[in-house]
Structures are given as structure tokens and as C-alpha cells.
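Novice: Got a predicted structure here, sequence first:
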Amino acid sequence: MGSTASGTGFPADSSHQLATFGAGCFWGVEKSFQKKYGADIETLVGYAGGAPEQPSYKQVCTGQTQHAEVLQVRYDPAKITYENLVDFFFRMHDPTTKDRQGGDAGTQYRSAIFYHNDEQAAIAKKLVADLQHHFGKHTISTTIEPVGTFWNAEDYHQKYLDKNPHGYECPTHFERSWDRIHELFGGN
């Protein structure tokens, strides 16, 4: 159960692209994306944005590795755009809390977009600027970082809430409309 993480995400595939997001505990992030996009995406949970190589869940939980718990999404850009995924990312968690989602606190729970290329970085930066007004005086704290190496989380973390339907789920992981966000955060 406590085996060390290994691997580096999905294999290369010319008909699909990858997107990687940190938005708190990866179990709830994975469940939210699966609920929204279903069979149109494939998902893996893992770690990105820190050191050492091949971190374990136990190491990441210490907050000493600077890795974030992340979700990697493999998608067909003919069906779903990267912009759609990033838009949903901002609506499925609270991007204004630095290093925190609900009761989970630490750099491993940071709101982060880990880009795979310059185009994704530009899209992410543009959407942060375009969407900030919905959050009013609450500044989006999402970091935009190069993905570097994605390390698969241990097998028992993959599809965790499918296998453990009564497992812990962060209360911040659910889809909100932009109108609701605007109302909740005092958008301008």
C-alpha cells in the first residue's frame, strides 16, 4: 500500500494532449473532472512541481518536497479544448486560498496549473487575468508552473473515490457557475 510512486504520466500520443492541475487533495480533483467530462478524458493522480524524484505520498504529505498533489488529464482537443479544462479548474475549487483547500493546508495543496508547453502557459495566464474580476478583492493565488516531471501517485490513490465511495472528499471540490462565483466573492 505504501509503495513509492513511479512512472511519468501518460505515454505520448499524437491524438491526445495533457493538462495537469493542482487544486487540493487529488482524490476530489479527479472525481470532479471525471464527473464533468466522463469518458471524454483519462486521469492519473500524482505529484509535480518539487523534488525529490519519485516521491512517496508520505514524503509529499510532509510539505518538505514542494511537490503538489496533482491530476493529469489526457484529452482529445477535437472534443475538449484546453481553455474548457482551465475554465472548469477555476470553477471546481477555490483558487483564492494560498496553499489550502478546505481543511487541507500546505504547499502540496496549492492551486496550480502545470503547463506542458508555451501555448498552455499563455492560455492559463490570460484566463487568470480575464477571470479575476469574478473573485472581486479575493486575488487568484493559482501558480502557473512548468510541469517538469509528473510522478504517478501510488496505485491505491488512482480512482480512489471510485474504489472508496465514502472516503474523504474536500468540501471545496464541486462545480460552480461564474454567476455563483461572482455572487459569493463579490465580483466586480
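Specialist: Nice, thanks for sending it over.

Novice: Least confident secondary structure element in the protein?
Specialist: When each helix and strand of the chain is scored by mean pLDDT, DSSP states H and E, helix 160-163 comes last, with a mean of 91.

Novice: Next SSE downstream of that one?
Specialist: Next helix or strand after helix 160-163 toward the C-terminus (DSSP states H and E): helix 178-185.

Novice: quick one: contacts of that following helix?
Specialist: R91, T96, H134, F135, G136, H138, R176, G187 (Cβ atoms under 8 Å, 6 or more residues apart in numbering). Backbone N, C-alpha and C define where each C-beta goes, glycine included.

Novice: redo that, cut-off 7 Å
Specialist: With Cβ atoms under 7 Å, 6 or more residues apart in numbering as the test, helix 178-185 has contacts from R91, H134, F135, G136, H138, G187.

Novice: now stretch 8-22
Specialist: 29, 42, 44, 46, 48, 68-77, 82, 85, 89, 110-114, 116, 147, 149-152.

Novice: name the helices or strands packed onto the least confident helix or strand of the chain?
Specialist: helix 26-37 (3 or more Cβ pairs under 7 Å, 6 or more residues apart in numbering; DSSP states H and E).

Novice: follow-up on the earlier one: min pLDDT across the contacts of helix 178-185, which one?
Specialist: Lowest pLDDT of the contacts of helix 178-185: G187, 91.

Novice: so that one, which of the three states?
Specialist: coil (DSSP: H, G, I helix; E, B strand; the rest coil).

Novice: measure it to Q101 for me?
Specialist: Distance, G187 to Q101, by Cβ to Cβ, to the nearest Å: 20 Å.
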